[in-house]
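In: Compute the structure for the input listed below.
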Amino acid sequence: MVSLRKMLSEKTLSIEDLSYLSRLLESGLAIRDCFSLLKNKSNKELFDSIAKRLDEGDPIEKAAEDFLPKKVRPYALALMGSLSFAAALSLSLQFYERSEEGIRNVLSKIAYPLLLLFVSVTSLYLFDLYGIDSIFSLISAFEESASFYADFRILLRIFARLFYYGTLLLFFMAVFFLRKERIILLYIFVSKHFPNSFMNIYCCEEFMSLFLICIRKGYSTKEALHILKSMRSKPVISFLAFHMDESLMEGETLKEAAGKYYYDSSLSRFIKIANYTNDFSKIIESYIAMAREKIVKRMKSYTLTIQLVTYVFIGCVIIFVYQVLFMPMKAISIF
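Out: Okay, the predicted model is just below:
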């Protein structure tokens, strides 16, 4: 309860404040001068608290730790162990923006069809509980055989239960694989047995996007990999960086390192091309663009499948209800 109260009452700097602070630090201003320029009514207390901890002898990395937004904090804490506060803050913000962009792209494509399917199945479940028995009474009143409708009801129930059991299974799997050791084991299994899967392409695209951010910040390949290895909040990214770094340490080329089954199979081909050009960043950017296009196509395919299942399901229910409600008209025409 104490931790929950603390979590709800915790005040942190905004992403906007941190973005301005990062730009000012990169321009060479002293940290206290940056605070003075950025203070306003909403953040004055927070900046004063950080300044007070600096006066007490805490380094800026320690003084600012509790005031970083939760979305940025995991990145910053991992990076501040090996980078200056200014460098760690700049990379953390770019890593956060990249991760948010990836999540938004996935959710924007698949959230609506999943919600539509869930609402449809839930509506059917409520219809089965409270409405379908009165329909069967109507069938009996017209002395019609209800065997077909009863069989159809069983099929709808089976579909609804499979959907809910499947949803619960996915939920428990997600909770189970939240631990970093388990998500890495899942990634290894998927990469080994299902090469070029959605998970494999998505993680490699994110890994190379973060790697490219480091390269464009002026870090060498080795430095970039060491930075990504420290990203404990991104266990798969850390795992990919670790194995690529190990391969390079053993004398393998970057192309050979990227040829392992942990990585997207097309990555090594792009790196091979990059070795013959003077613009490594541009080739890696091309790989990222291609991987993102693959992800979009996969998402469209998944979305289309979910929508088709939903529309077929809704259509069957509408036909079923229509047939029952049309029975009085058939009875009158016979009479």
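In: where does the stretch 201-335 of the chain dip in pLDDT?
Out: 275, 321, 323-335 (pLDDT under 70).
In: how about the helices of it, start to end?
Out: Assigned by DSSP state H, counting those that start in this stretch, the stretch 201-335 of the chain shows helices spanning 221-229, 235-249, 254-257, 267-274, 280-325, 327-334.
In: Take these and lay them out in JSON lines including distance to residue 32.
Out: To be clear about C-beta, it is placed using only N, CA and C from the backbone, and glycine gets the same treatment. Shown next, in JSON lines, are these (distance: least, Cβ to Cβ, whole Å):
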{"stretch": "helix 221-229", "distance to residue 32": "27"}
{"stretch": "helix 235-249", "distance to residue 32": "34"}
{"stretch": "helix 254-257", "distance to residue 32": "42"}
{"stretch": "helix 267-274", "distance to residue 32": "43"}
{"stretch": "helix 280-325", "distance to residue 32": "35"}
{"stretch": "helix 327-334", "distance to residue 32": "82"}
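In: Out of these, which is closest to residue 67?
Out: Nearest to residue 67, of all those, is helix 221-229, at 22.7 Å by Cβ to Cβ.
In: ok, and what's touching that closest one?
Out: Helix 221-229 has contacts (Cβ atoms under 8 Å, 6 or more residues apart in numbering) with 79, 82-83, 91, 207, 210-211, 214-215, 219, 234, 237-238, 240-242, 244-245, 248, 254.
In: And that helix, what's buried?
Out: Going by neighbour count (16 or more other Cβ atoms under 10 Å), the buried part of helix 221-229 is 224, 225, 226, 227, 228, 229.
In: now the angle from that helix to helix 235-249?
Out: Inter-element angle recorded for helix 221-229 and helix 235-249: 150 degrees (by axes from the mean of the first three to the mean of the last three Cα atoms, to 10 degrees).
In: hang on, the earlier thing: of the helices of the stretch 201-335 of the chain, which is nearest residue 199?
Out: Shortest distance between residue 199 and the helices of the stretch 201-335 of the chain, using Cβ to Cβ, is found for helix 235-249: 8.7 Å.
In: List the buried residues for whichever helix or strand residue 165 is part of?
Out: Under the criterion DSSP states H and E, the helix or strand holding residue 165 is helix 147-176. Buried residues in helix 147-176, counted by 16+ other Cβ under 10 Å: 149, 152, 153, 156, 160, 163.
In: Going by distance to residue 317, which of the residues you listed wins?
Out: Nearest to residue 317 among those is residue 156, at 7.1 Å by Cβ to Cβ.
In: Quick check: nearest residue in space to the closest one, chain neighbours excluded?
Out: Nearest-residue entry for residue 156: residue 124, 5.9 Å, with adjacent residues in sequence omitted and distances by Cβ to Cβ, 6 or more residues apart in numbering.
In: Report the central residue of the chain.
Out: When Cα atoms, centre = their mean is applied to the chain, the residue found nearest the centroid is residue 103 (4.0 Å).
In: Name all residues that make contact with residue 43.
Out: Counted by Cβ under 8 Å, 6+ apart, residue 43 has contacts 13, 14, 17.
In: Dump those residues to CSV, plus secondary structure and distance to residue 37.
Out: Below are those laid out as CSV (DSSP: H, G, I helix; E, B strand; the rest coil; distance: Cβ to Cβ, whole Å):
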residue, secondary structure, distance to residue 37
13, coil, 14
14, coil, 15
17, helix, 11
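In: hmm, back to that, the residue nearest to the centre of the chain and residue 163: what is the separation?
Out: The gap separating residue 103 from residue 163 is 24 Å, by Cβ to Cβ, to the nearest Å.
In: And residue 233, how close does it get to residue 150?
Out: 53 Å.
In: repeat for residue 162
Out: Separation of residue 162 from residue 150 (Cβ to Cβ): 19 Å.
In: go on, residue 167?
Out: From residue 167 across to residue 150, the span is 26 Å (Cβ to Cβ).
In: what ranges of the stretch 1-150 of the chain fall below the confidence cut-off?
Out: Checking the stretch 1-150 of the chain against pLDDT under 70 turns up 1-10, 131-149.
In: Helices of that one, start to end?
Out: Remark: helices assigned in the stretch 1-150 of the chain by DSSP H, counting those that start in this stretch are 2-9, 15-26, 31-38, 44-55, 60-65, 73-79, 85-130, 132-141, 147-176.
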